[in-house]
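S.K.: 3D, please:
(2 chains)
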Amino acid sequence: EDQVTQSPEALRLQEGESSSLNCSYTVSGLRGLFWYRQDPGKGPEFLFTLYSAGEEKEKERLKATLTKKESFLHITAPKPEDSATYLCAVQTLTGGGNKLTFGTGTQLKVEL
Amino acid sequence: EPEVTQTPSHQVTQMGQEVILRCVPISNHLYFYWYRQILGQKVEFLVSFYNNEISEKSEIFDDQFSVERPDGSNFTLKIRSTKLEDSAMYFCASSYGTGGSSGGYTFGSGTRLTVV
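M.R.: Model prediction:
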């Protein structure tokens, strides 16, 4: 069974204090690893897709990296508006419907 | 920017009643999905739909659930006889392709279903 584990569950940072969120996964065959941002009461908002080990993608203060067992979401000099829950999800080579299997998320709070 | 639209945003229903959750996916997308999120828990896959048929469904998606694309723009999720445990946020999503290369899966803002 595909498993996605995110850590930490919650993270509190001061504005400007860089950190990393972890997503470890166990799947039969990885097709893609997705990062989403979710604000309270809203749907997940797409950030990145990573496909192969060694791949990196950046968007503003966020950078996602991928190894064969885990992915990291690095947040550089975060601002209060980066506060949200960050979700990791995997899509595997099995199954015909392109489903995403999500982790439980990391709730990030950035304070002034 | 194109978005996935879900209605209603909040629905309260009595146990045993039928509910229909509605979604308007992005117009040029070909793949459609329903996910749900019970309060405080992870987002869970329910069903995917392509070319007017279900392409994959989870164990959660039992005979009480059905999906339909009644016309060229709407995508619906029907729960025939709601149970208390069906209370959750239901998200519709759509994608152009099967992976993330086309910008990932776009999710709607959700319908909060409360079964009393």
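S.K.: for residue 52, what are its contacts?
M.R.: Looking at chain A here, since you left the chain open. A:Leu66 (C-beta atoms under 8 Å, 6 or more residues apart in numbering or on different chains). For glycine as for every other residue, the C-beta is placed from the backbone atoms N, C-alpha and C.
S.K.: if you could check chain B rather than the one you did, that'd help
M.R.: With C-beta under 8 Å, 6+ apart, B:Asn52 has these contacts: B:Arg69.
S.K.: quick one: low-confidence residue ranges for chain B.
M.R.: For chain B, the stretches with pLDDT under 70 are B:99-103.
S.K.: one more: chain A?
M.R.: Using pLDDT under 70, the flagged stretches of chain A are A:95-97.
S.K.: residue numbers of it in contact with chain B?
M.R.: Proximity of chain A to chain B, by C-beta under 8 Å from any C-beta of the partner chain, involves residues A:31-32, A:34, A:36, A:41-47, A:49, A:51, A:87, A:89, A:91, A:95-105.
S.K.: ChimeraX command to pick out the buried ones of the residues you listed?
M.R.: Here is the ChimeraX command that picks out the buried ones among those, judged by 16 or more other C-beta atoms under 10 Å in any protein chain shown:
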select /A:31,32,34,36,42,43,44,46,47,49,87,89,91,95,97,98,99,100,101,102,103,104,105
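S.K.: quick one: the spatially closest residue to A:Phe46 that is not a sequence neighbour from A:Pro44, how far?
M.R.: Using C-beta to C-beta, 6 or more residues apart in numbering or on different chains and skipping the chain neighbours, the partner closest in space to A:Phe46 is B:Gly104 (3.5 Å). Distance, B:Gly104 to A:Pro44, using C-beta to C-beta, to the nearest Å: 9 Å.
S.K.: ditto for A:Glu70
M.R.: A:Glu70 is 20 Å from A:Pro44, by C-beta to C-beta.
S.K.: and stretch A:62-71, what's buried?
M.R.: Those would be A:62-66, A:70-71, for stretch A:62-71 by 16+ other C-beta under 10 Å.
S.K.: helix or strand: which one has the residue in chain B that chain A sits nearest to?
M.R.: Here chain B gets closest to chain A at one residue, B:Glu56, 2.3 Å apart by C-beta to the nearest C-beta. In this structure, B:Glu56 sits in strand B:53-57 according to DSSP states H and E.
S.K.: show me where the chain has strands.
M.R.: In the absence of a named chain, this looks at chain A. Taking DSSP state E, the strands of chain A run over residues A:3-7, A:10-14, A:19-26, A:30-38, A:45-50, A:56-59, A:62-66, A:70-75, A:84-92, A:101-102, A:106-111.
S.K.: wrong one, chain B
M.R.: B:5-7, B:10-13, B:19-24, B:31-37, B:43-50, B:53-57, B:65-68, B:75-79, B:88-95, B:106-107, B:111-115.
S.K.: what packs against the fifth one?
M.R.: The reference is to strand B:43-50. strand A:101-102, strand B:31-37, strand B:53-57, strand B:65-68, strand B:75-79 (3 or more C-beta pairs under 8 Å, 6 or more residues apart in numbering or on different chains; DSSP states H and E).
S.K.: for that strand, which strands pair with it and how are they oriented?
M.R.: strand B:31-37 (antiparallel), strand B:53-57 (antiparallel) (DSSP bridges).
S.K.: check the second one too.
M.R.: Sheet pairing here is set by DSSP bridges, and for strand B:10-13 it gives strand B:111-115 (parallel).
S.K.: next: the shortest one.
M.R.: Partner strands and pairing direction for strand B:106-107 (DSSP bridges) are strand B:88-95 (antiparallel).
S.K.: name the residues that touch the partner strand?
M.R.: Contacts for strand B:88-95 (C-beta under 8 Å, 6+ apart): A:43-44, A:98, B:4, B:6, B:21, B:23, B:25-26, B:29-39, B:43, B:46, B:75, B:77, B:102, B:104-108, B:110-113.
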